[in-house]
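Novice: Got a sequence here, can you model it:
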Amino acid sequence: MKLSSRIGRLSESITIAISSKAKEMKAAGKDVVIFSAGEPDFDTAEVAKEAVISAMQKGCGKYTPVPGTKETLEAIAHKLKRDNNLTYKTSQIITNVGAKHSLFNLFECIVDYGDEVIIPVPCWVTYPEIVKYCGGEPVLVRTSEQNRFKITADELKAAITPKTKALALCTPSNPAGAVYDKSELEAIAEVLKGTDIIVIADEIYEKVIFGKTFTAAASISEDMYKRTVTINGLSKCGAMPGWRFGYAATSDDELAAAMRKLQSQSTSNISSIVQAGAIPVLEGKADDYIEQMRVEYERRRDYAVDAINAIEGLSVVKPDGAFYLFVNCGAVEPDSMKFCTRLLEEALVATVPGVGFSMDGYFRISFACSMDNLKEGIARIAEFVKNYK
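Specialist: Next up, the predicted model:
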């Protein structure tokens, strides 16, 4: 069977592939410590579960409008206003099957063949893959540990060409946990003035942040508000990864209509039951629980950073957000795929090689796991590195 050229441009998600392999090994009886999965180990807040049960009892099982129910869209609009000081009409918001779906719809609607999308690296594995699938060219801008893995205004300016269509900006970021300060976003906004470049602001880890104040990219200025598409959801901060609730918001009515049109011919509406469960979380009724999770993530982060930096040959920049460590293993093994493959096979620790995030010589650890697992896994990594040949 001859497959399309589009699918030939796409690579499988390395994070999902490694997590699946680790789970298979674990199911086969091997004592694998899984640091590869990017999902919270906490349960979903009770308020979301109760809302779903109530909705089901009331017969919430019908199709909804493609973008979402009136109540869901209003809850998102209120959340964006309350948390981020952003004002959107409900017609400018669309719910999706997770934020990954939001990004897919967006790239499909804005990227034509030959269009360039600037992506600071290390980056989430899916950004360049979706751009390539849509026929675009990912322009990977390598960031540095010295700048905490954030693109600078000068680096952005140097990467812009007449073909530049968008900038993908993730804050807090996956895999490095980089958080852009307001001043850094203002400098980026200044570079973009007078251009037609779209800012894709992936803010899915917004509430997993440590010692900093989160600033939404679209809140920086009126110009940034007009050019920014805000992507968010409840998989990470709401501990609802399997619920698949994401959303996109844009002030551009034409773009919002285009995303609705595309979704009307693909998934149509997302689950009506999921929307019902998302509403109380969007309304802030799970905020205390979300803060408890954040505090525990911070405790794990602090332990893991100290423990990794104590291993000769490894080092890590302390992340300001998300629940990952992006560990430099270049002094031990610059080939991150080789390092992580051996680590899984020999020490039974599943991590994700940095090459999957477009930066070799590093690997990613998720500390969205119990403290006991964190201690055991890092102890195994220390022993593995000590004996690495």
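
Novice: Only C-alpha atoms from now on, for both contacts and neighbour counts.
Specialist: Will do.

Novice: separation between the residue lying closest to residue 228 once chain neighbours are set aside and residue 227?
Specialist: The shortest distance from residue 228 to any non-neighbouring residue, by Cα to Cα, 6 or more residues apart in numbering, is to residue 199 (4.5 Å). Distance of residue 199 to residue 227, computed by Cα to Cα, to the nearest Å: 6 Å.

Novice: Isn't residue 268 up against residue 66?
Specialist: Yes - counting by Cα atoms under 8 Å, residue 268 does reach residue 66; the two are 5.1 Å apart.

Novice: how far away is residue 242 from residue 282?
Specialist: In terms of Cα to Cα, residue 242 sits 17 Å off from residue 282.

Novice: Compare these two (neighbour count), which wins?
Specialist: When neighbours are counted by other Cα atoms under 10 Å, residue 242 and residue 282 differ, and residue 282 comes out ahead with 23 against 13.

Novice: Can you check the pLDDT for the more buried one?
Specialist: Note for residue 282: predicted pLDDT of 98.

Novice: check contacts around it.
Specialist: Shown in contact with residue 282 (Cα atoms under 8 Å, 6 or more residues apart in numbering): 75, 76, 79.

Novice: Which of the residues you listed fall in helices?
Specialist: Counting by DSSP state H, these place 75, 76, 79 in helices.

Novice: Can I get those residues in JSON lines including distance to residue 13, pLDDT and neighbour count?
Specialist: Converted to JSON lines, these look like this (distance: Cα to Cα, whole Å; pLDDT from 0 to 100; neighbours: other Cα atoms under 10 Å):
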{"residue": "75", "distance to residue 13": "32", "pLDDT": "98", "neighbour count": "20"}
{"residue": "76", "distance to residue 13": "29", "pLDDT": "98", "neighbour count": "26"}
{"residue": "79", "distance to residue 13": "31", "pLDDT": "98", "neighbour count": "19"}
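
Novice: Name the helix or strand of the chain that has the lowest mean pLDDT.
Specialist: helix 14-27 (a mean of 80; mean pLDDT, DSSP states H and E).

Novice: elements contacting that helix?
Specialist: When contacts are defined as 3 or more Cα pairs under 8 Å, 6 or more residues apart in numbering; DSSP states H and E, helix 14-27 sits against strand 33-34, strand 349-350, strand 352-353.

Novice: Name the next helix or strand following the longest helix seen in the chain along the chain.
Specialist: For the chain, the longest helix by residue count, based on DSSP H, is helix 287-309. The helix or strand immediately downstream of helix 287-309 is strand 315-316, counting by DSSP states H and E.

Novice: Would you mind listing the outside residues contacting that following strand?
Specialist: Contacts for strand 315-316 (Cα under 8 Å, 6+ apart): 305, 308, 309, 325, 326, 327, 328, 329.

Novice: how about a cut-off of 6 Å?
Specialist: For strand 315-316, contacts defined as Cα atoms under 6 Å, 6 or more residues apart in numbering pick out 309, 327, 328.

Novice: Next up, phi/psi of the last one, please.
Specialist: In this entry, residue 328 is assigned phi and psi values of phi -80, psi 120 (degrees, to the nearest 10).

Novice: Who is it paired with across the strands?
Specialist: Under DSSP bridges, the beta-bridge partners of residue 328 are residue 315, residue 362.

Novice: There's contact between it and residue 362 in this structure, I believe.
Specialist: Yes - using Cα atoms under 6 Å, residue 328 is in contact with residue 362, at 4.4 Å.

Novice: With neighbour numbers in mind, choose between the two.
Specialist: residue 362 (30 against 24).

Novice: how far away is that one from residue 368?
Specialist: 19 Å.

Novice: Repeat that for residue 384.
Specialist: If you go by Cα to Cα, the gap between residue 384 and residue 368 works out to 22 Å.

Novice: which of these two has more neighbours?
Specialist: residue 368 (26 against 18).

Novice: Tell me which residues touch the more buried one, please.
Specialist: Counting by Cα under 6 Å, 6+ apart, the residues that residue 368 touches are 40, 41.

Novice: hmm, try it at 10 Å
Specialist: Residue 368 sits next to 34-42, 236, 293, 296-297, 300-301, 322-324, 374 when contact means Cα atoms under 10 Å, 6 or more residues apart in numbering.

Novice: Now do the SS call for it.
Specialist: Here residue 368 is recorded as coil under DSSP: H, G, I helix; E, B strand; the rest coil.

Novice: While we're on it, how confident is the model there?
Specialist: 96.

Novice: Next: residue 77.
Specialist: Reported pLDDT for residue 77: 98.

Novice: Isn't it up against residue 230?
Specialist: No - if you go by Cα atoms under 10 Å, residue 77 and residue 230 don't touch, sitting 11.7 Å apart.

Novice: Now do the contacts for the closest residue in space to residue 255 that isn't next to it in sequence.
Specialist: In this structure, residue 255 finds its nearest non-sequential neighbour in residue 109, 7.4 Å apart by Cα to Cα, 6+ apart. Counting by Cα under 10 Å, 6+ apart, residue 109 makes contact with 103, 134, 255, 256, 257, 258, 259, 261, 262.

Novice: how about the nearest residue to the fourth one, chain neighbours excluded?
Specialist: Of all residues beyond its chain neighbours, the one nearest residue 256 is residue 92 (5.4 Å), with distances taken as Cα to Cα, 6+ apart.
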